[in-house]
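Trainee: I need the structure of the sequence given here:
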Amino acid sequence: MSYTIRPQSAQFKMGISDIAQFETWLSEHRDIIGVSFVGRSNVGKSSMINALFGSKTARVSKTPGRTREINIFEFELNLNGKKSTLQPFYLIDLPGYGHAEVSKEMSKNWNELMGAFFSEASEAMLMLNLQDARHPDQDVDRQFYSFIKGFARKTILVFNKIDKLKTQKERNVLEKLKPVLSKDYKWIRQMYFASAESKKGIPQVEDAIVTHILEELEMRKIHVESDDI
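Mentor: As a prediction, this is how the structure comes out:
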């Protein structure tokens, strides 16, 4: 018996690009549980969200950096294939980082929104950082980690597009990078190789999200079927 993300249950609630509005929303939702997605522009973030939560949850764009606002969804869990009685949880799609073709004003707005999120959002929000398996640990990824270093958010790192690696040598490079990242960024709990396109590794990423949610519920003494953890 097990909990899983309920397919197609993610409901869009709002998109926020105004810092004052977002700070108000955060102050009204300090105890939420869920997962946030963040990654370099054009890393396949929307496709990964759709692979995990159901097609058409997030809009997929061929234009890097299109998502410049914070998109907020609620989703549910299934228990043994049927809708569970647990509360809805939150999926927060954060704007991509590292896209050069944005104005200074948009860059400033990104800094404000992300600063507010990482400093004020519920500590029960897991962060899923997405990187391209073909181009991992880029300068912009390291800059992002420098930006969030002081917040030490619970994080899982997912290397997307693993199916695009054609040689064992490429895979070995990625494997050797894992202990380096674990040492440098101690807030990273786990790392996964996955593909939103082929669905490789998606069940493992889903399990990590669900496990985080159940752990947070247990910490709050919210009843969860003990046989299902």
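
Trainee: Point to the residue nearest the middle of this structure.
Mentor: residue 37 (2.4 Å; CA atoms, centre = their mean).

Trainee: Surely it is within a helix?
Mentor: No. With DSSP: H, G, I helix; E, B strand; the rest coil as the criterion, residue 37 is strand rather than part of a helix.

Trainee: switch to numbering from 40
Mentor: In the new numbering, first residue 40, that becomes residue 76.

Trainee: quick one: contacts for it?
Mentor: 84, 87, 88, 130, 131, 132, 133, 167, 169 (CB atoms under 8 Å, 6 or more residues apart in numbering). Where C-beta positions appear, they are placed from N, C-alpha and C, glycine not excepted.

Trainee: Narrow those to those in strands?
Mentor: Among the contacts of residue 76, the residues falling in strands (DSSP state E) are 130, 131, 132, 167, 169.

Trainee: And for the last one, the neighbour number?
Mentor: Okay, so that is residue 169. 25 (other CB atoms under 10 Å).

Trainee: what do you get for the second one?
Mentor: Neighbour count for residue 131, taken as other CB under 10 Å: 21.

Trainee: bridging residues for it?
Mentor: residue 75, residue 111 (DSSP bridges).

Trainee: how near is it to residue 88?
Mentor: Separation of residue 131 from residue 88 (CB to CB, to the nearest Å): 10 Å.

Trainee: Only C-alpha atoms, please: export the helix or strand of the chain with the lowest mean pLDDT in CSV.
Mentor: Lowest on mean pLDDT, DSSP states H and E among the helices and strands of the chain sits helix 143-159, with a mean of 86. These are the backbone C-alpha positions of helix 143-159, laid out as CSV (Å, rounded to 0.1, in the frame of the first residue of the first chain):
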residue,chain,number,x,y,z
LYS,A,143,17.5,44.8,-15.7
GLU,A,144,14.0,45.4,-14.4
MET,A,145,13.0,41.8,-14.9
SER,A,146,16.2,40.6,-13.3
LYS,A,147,15.6,42.8,-10.3
ASN,A,148,12.1,41.5,-10.0
TRP,A,149,13.4,37.9,-10.1
ASN,A,150,15.8,38.7,-7.3
GLU,A,151,13.0,40.2,-5.2
LEU,A,152,10.6,37.3,-5.8
MET,A,153,13.1,34.6,-5.2
GLY,A,154,14.6,36.3,-2.1
ALA,A,155,11.1,36.6,-0.6
PHE,A,156,10.4,32.9,-1.4
PHE,A,157,13.6,31.5,0.1
SER,A,158,13.5,33.7,3.2
GLU,A,159,9.8,33.6,4.0
